[in-house]
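1. sequence first, then the predicted structure:
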Amino acid sequence: MYTARGLQNFLTNLTAALEPNHSTPQIRFDASSRICAVLGNGDYTYMTLTCPGGFEIVRVRCSHGVVVLDRGMDGTHKQFFPIGSCLQFSITYQTIEDMIEQHQFCPADCRKASIVSGAQAPAAALNVPYWHQFVLSGTPPFGLGTVIGPDWLNVTLDAGVVRLSGTPTAIGTSRVEIPLWSCGEYINLFTGCITVS
């Protein structure tokens, strides 16, 4: 569930560089402790990463005491952030949308499904069994729509977990789209690519 209470005016700095494919930043320990004290293991908030070269909106959550970022949110792109880059609380379009969904404006208090863990599907290797999962939040029940992807990829839904599996049979990059039935409509749970090398 989205939350902001206790993180207003929050600001900290990265203590290690953050590459575009990284999701667990190194930040000051006291800042990590504060974030995890507010978010626990399940809630999330939105923050903005900034450096002289640009910015990126991230969804911030805590997993067993470790701060995890879901990168490139709200139409921004994943990029490199050097040591010292700022991570600060911010109000974004997605913040407002999530707040509305969690309150009386959403019929029957239904929260659409979203990925809280495993948001980035990793690359695969030729003839090596592939496995990945997306852990969902939101109001069940969920339903899997018609998946677009390579022939070797199997996608299954079990309660709040979407699992990807299979053995790649050819090298290349394939587009993957996973629609999910949630709160009375189909949403785009995941749209991306899986590269086999």
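-> Yep, it's here.

2. is it correct that residue 74 is in contact with residue 93?
-> Yes: applying Cβ atoms under 8 Å, one finds residue 74 in contact with residue 93, separated by 5.6 Å. Any C-beta I mention is one placed from the backbone N, CA and C, and that applies to glycine too.

3. which one's more surrounded, these two?
-> Neighbours per residue, other Cβ atoms under 10 Å: of residue 74 and residue 93, the larger number sits with residue 74, 16 against 12.

4. OK, contacts around the more buried one?
-> 46, 57, 92, 93, 94 (Cβ atoms under 8 Å, 6 or more residues apart in numbering).

5. name the SS class of the most centrally placed residue in the chain, please.
-> With distances taken as Cα atoms, centre = their mean, residue 70 lies nearest the centre of the chain, 3.8 Å away. What DSSP: H, G, I helix; E, B strand; the rest coil gives for residue 70 is strand.

6. any idea what the spatially closest residue to it that is not a sequence neighbour is bridged to?
-> In space, and not counting its chain neighbours, residue 70 is closest to residue 59: 4.0 Å by Cβ to Cβ, 6 or more residues apart in numbering. Beta bridges link residue 59 to residue 46, residue 70, judged by DSSP bridges.

7. wait, residue 59 touches residue 67, no?
-> No: under the criterion of Cβ under 8 Å, residue 59 makes no contact with residue 67, lying 11.3 Å away.

8. circling back: which of the contacts of residue 74 fall in strands?
-> 46, 57 (DSSP state E).

9. give the other helices and strands that the longest helix along the chain contacts.
-> If you go by DSSP state H, the chain has its longest helix at helix 29-39. Applying 3 or more Cβ pairs under 8 Å, 6 or more residues apart in numbering; DSSP states H and E, one finds that helix 29-39 contacts strand 54-63, strand 66-73.

10. and the angle for that helix with strand 66-73?
-> Orientation check (axes from the mean of the first three to the mean of the last three Cα atoms, to 10 degrees): helix 29-39 against strand 66-73 gives 80 degrees.

11. tell me the buried residues in stretch 83-95?
-> Buried residues in stretch 83-95, counted by 16 or more other Cβ atoms under 10 Å: 85, 87, 89, 90, 92, 94, 95.

12. residue 161 contacts residue 137, doesn't it?
-> No: using Cβ under 8 Å, residue 161 makes no contact with residue 137, being 11.2 Å away.

13. of the two, who's got more company?
-> Using other Cβ under 10 Å as the criterion, residue 161 and residue 137 rank with residue 137 on top: 18 against 14.
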